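In: I'd like to go over a predicted model; first the sequence, then the structure.
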Number of protein chains: 2
Amino acid sequence: MLLHTINEVRQQVKEWKKQGLTVGLVPTMGALHNGHLSLIKKAVEKCDKVVVSVFVNPIQFCAGEDLDKYPRTLEADTKLCEDNGVSIVFAPSPSEMYGEGQMRTNDFLTYVIPPFFYVNKLCGKSRVGHFDGVCTVVNKLFNIVQPDCAFFGQKDAQQLIIIKKMVKDLNIPVEIIPCPIVREDSGLALSSRNKYLSEEDKVHALVLNKILNNIKSCYQKGIKDVEMLKETAYQFLNEHHDLEYLEFMDQEDLEEVKIADDNTRVFIACKVAGVRLIDNILLGEG
Amino acid sequence: MLLHTINEVRQQVKEWKKQGLTVGLVPTMGALHNGHLSLIKKAVEKCDKVVVSVFVNPIQFCAGEDLDKYPRTLEADTKLCEDNGVSIVFAPSPSEMYGEGQMRTNDFLTYVIPPFFYVNKLCGKSRVGHFDGVCTVVNKLFNIVQPDCAFFGQKDAQQLIIIKKMVKDLNIPVEIIPCPIVREDSGLALSSRNKYLSEEDKVHALVLNKILNNIKSCYQKGIKDVEMLKETAYQFLNEHHDLEYLEFMDQEDLEEVKIADDNTRVFIACKVAGVRLIDNILLGEG
């Protein structure tokens, strides 16, 4: 069922709660791919009813980013959801979410602001204000849907860590379920922004995954020094790669790590053909 | 029932919700007086079960304010609540609310930040960060208790407007019930901080209410020009009064007003014997 208004969603969820059913939420910006599908499948498995929100959230895009050209495929998204047991696709308009003509700055809108320590690094460094927009919209969606569980991909690892922190800090009564990264056979992490890549670009994009796998394999062979592990990356990079960061951090509190251990997550961001791609790996898993 | 932990409150509320009972929340910092009592009575009247939170919230006190000396009277507060039909008094410790040893700055804590336009005036101007702390703790209390309704006094008018704005902006599923200012027979608005005043100070403190009443009566006689209405205040002030502000604003969106109408609220803050007192009046009511 495709719904566009907050009231409709609330009414339906209220009905379910009266019947004692559990509700799962999968927040998305649409352009659904197999990564999203894995979240949806997990949600359908775990909860009686599943809501997928499809909302390209304007306040999490920074100036100069791809808000206008971000892929919008609502018809296909709705079909995918319905074919896979989703009960509600919630696709509100920006004005349904933020009011008609309201200035969407923190001059006129209440924001949920994650801690500076978690934001002032990795993607937050170049995408100033991005995680404020993410936390604000996720908080709104939680309040609208009031789900028992919400499902987030490990692909956006910093986002996941920040949302878990928000839930803890604000005592939000929602269980956050992390879901593993889904990859093409080639190893490329799925992303809606992969649609911007040509076949040739995709070959260059494989480097992110290669660098992470190689670091993990070096780690497993006994190299723990982060500077040494970083060194192993450069052999993979050429003129097609514009590396933004390669960082080693504790997977819970995003504390920077000098000597890697099993709780260290390696984060990479790199532009390929002007498209900003991210990936990450936990050194201890598997 | 006096409870100190988040889990205990959640369990009890869950039980009530299963039984289909409605829940009201009265958030306080304790040192309860008849103003609070009027909120409690309204809550008990309107809801099946009432939770009163008693928490002197450290993150809403600014540097140099009275966090340490703020009156704490939990035993008397609990008795007053129980005598008046309150089901739970929730009195958490600061570490229960914010974690053991956690830095309570926005470096390490997720904050709910009200819009700058609503904050950069009246009390927010001198109490920098105060409303960030208020919104954050109220958001937390809403998530912990998940009440149907929450009750706030009109005395803290800017706070009430900001909380209503937060609820709207973040789609929080809680109905905000404003409650009128309660006054001593003398006209002095009740406040926990009145405990800092001597009997003589209290006489000087009456001026806040006198100024507001006089402005309202001038307005009712046909004076609408705000500058002229402001002029009427000065006759009441002497060396015992340190006026912080006297402002005329729209009661919904805190837009400054030049020509008063029935939706104009007049806000006053004034120090008497070093104690910061506030009061306000709506020109249209009564």
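Out: Perfect, I can see it now.

In: surely residue A:123 meets residue A:277?
Out: No: counting by CB atoms under 8 Å, residue A:123 stays clear of residue A:277, with 11.2 Å between them. To be clear about C-beta, it is placed using only N, CA and C from the backbone, and glycine gets the same treatment.

In: of those two, who's got more company?
Out: Using other CB atoms under 10 Å in any protein chain shown, the more surrounded residue of residue A:123 and residue A:277 is residue A:277, with 25 against 19.

In: Dig out what that one forms beta bridges with.
Out: Applying DSSP bridges to residue A:277 gives these bridge partners: residue A:270.

In: swap in the one 5 residues further on?
Out: Beta-bridge partners of residue A:282, counted by DSSP bridges, are residue A:265.

In: you'd agree it is up against residue A:251?
Out: Yes: applying CB under 8 Å as the test, residue A:282 and residue A:251 come out as touching, 5.9 Å apart.

In: Who has more neighbours out of these two?
Out: residue A:251 (22 against 17).

In: Could I get the pLDDT score of the closest residue to that one other than its chain neighbours?
Out: Closest residue in space to residue A:251, ignoring its immediate chain neighbours: residue A:265 at 4.1 Å, by CB to CB, 6 or more residues apart in numbering or on different chains. The per-residue pLDDT reported for residue A:265 equals 98.

In: Which secondary structure state does the spatially closest residue to residue A:55 that is not a sequence neighbour sit in?
Out: Once flanking residues are discounted, residue A:55 sits nearest to residue A:92: 5.8 Å by CB to CB, 6+ apart. Here residue A:92 is recorded as coil under DSSP: H, G, I helix; E, B strand; the rest coil.

In: Report the contact partners of residue A:92.
Out: Residues near residue A:92 by CB atoms under 8 Å, 6 or more residues apart in numbering or on different chains: A:4, A:5, A:6, A:53, A:55.

In: let's see 10 Å
Out: Going by CB atoms under 10 Å, 6 or more residues apart in numbering or on different chains, residue A:92 touches A:3-6, A:8-9, A:53-55, A:98, A:140-141, A:144.

In: Helices - which of those residues land there?
Out: Mapping the contacts of residue A:92 onto helices (DSSP state H) picks out A:6, A:8, A:9, A:98, A:140, A:141, A:144.

In: so which two of those are the farthest from each other?
Out: The largest separation in the ones in helices among the contacts of residue A:92, counting by CB to CB, is between A:8 and A:98 at 17.7 Å.

In: Now do the phi/psi pair for the residue nearest to residue A:55.
Out: Main-chain dihedrals, residue A:92, degrees, to the nearest 10: phi -80, psi 160.

In: The residue nearest to residue A:251: neighbouring residues, count only.
Out: Close neighbours of residue A:265, defined as other CB under 10 Å, add up to 24.

In: again, but for the one 5 residues further on
Out: Residues near residue A:270, counting by other CB under 10 Å, number 24.

In: so it makes contact with residue A:245?
Out: Yes: taking contacts as CB atoms under 10 Å, residue A:270 lies within contact range of residue A:245: 8.5 Å.

In: what do those two both touch?
Out: Common neighbours of residue A:270 and residue A:245, counting by CB under 10 Å, 6+ apart, are residue A:278.

In: Can you read off the pLDDT for residue A:220?
Out: For residue A:220, the model assigns a pLDDT of 97.

In: where's it relative to chain B, distance?
Out: As judged by CB to the nearest CB, to the nearest Å, residue A:220 and chain B stand 33 Å apart.

In: Neighbours of that residue, how many?
Out: Per other CB under 10 Å, the neighbour tally for residue A:220 reads 11.

In: Please apply the same query to residue A:73.
Out: Counted by other CB under 10 Å, the residues lying close to residue A:73 total 16.

In: Can you verify my assumption that it contacts residue A:36?
Out: No: taking contacts as CB under 10 Å, residue A:73 lies outside contact range of residue A:36: 11.3 Å.

In: Next, show the common contact partners of these two.
Out: Shared contacts of residue A:73 and residue A:36 (CB under 10 Å, 6+ apart): A:30, A:54, A:80, A:192.

In: Go through those residues and name the one nearest residue A:222.
Out: Nearest to residue A:222 among those is residue A:192, at 37.8 Å by CB to CB.

In: can you pull the contacts of the residue lying closest to that closest one once chain neighbours are set aside?
Out: Excluding the flanking residues, the one nearest residue A:192 by CB to CB, 6+ apart is residue A:31, at 3.8 Å. Counting by CB under 10 Å, 6+ apart, residue A:31 touches A:54, A:56, A:70-74, A:76-77, A:191-195.

In: Compute the distance between the residue nearest to residue A:223 when sequence neighbours are not counted and residue A:264, please.
Out: Excluding the flanking residues, the one nearest residue A:223 by CB to CB, 6+ apart is residue A:229, at 5.8 Å. Separation of residue A:229 from residue A:264 (CB to CB, to the nearest Å) stands at 9 Å.

In: More neighbours: which of these two?
Out: Using other CB under 10 Å, the more surrounded residue of residue A:229 and residue A:264 is residue A:264, with 24 against 21.

In: quick one: stretch A:36-46 to chain centroid distance?
Out: Distance of stretch A:36-46 from the chain centroid (CA atoms, centre = their mean, to the nearest Å) equals 15 Å.

In: Can you list the neighbours in contact with that stretch?
Out: Contact with stretch A:36-46 is made by A:22-30, A:32, A:34, A:49-52, A:54, A:77, A:80-81, A:83-87, A:147-153, A:175, A:177-182, A:190, A:192, as judged by CB under 10 Å, 6+ apart.

In: who are the neighbours in contact with the most centrally placed residue in chain A?
Out: A centroid search over chain A (CA atoms, centre = their mean) returns residue A:156, at 3.7 Å, as the residue closest to the centre. Going by CB under 10 Å, 6+ apart, residue A:156 touches A:35, A:123, A:134, A:162, A:163, A:181, A:191, A:278, A:280.

In: Contacts only, for residue A:258.
Out: Per CB under 10 Å, 6+ apart, neighbours of residue A:258: A:224, A:225, A:226, A:227, A:248.

In: Got the phi and psi for the nearest residue to residue A:227 once chain neighbours are set aside?
Out: What sits nearest to residue A:227 in space, not counting adjacent residues and going by CB to CB, 6+ apart, is residue A:258, at 7.9 Å. Residue A:258 adopts backbone torsions of phi -100, psi -40, taken as degrees, to the nearest 10.
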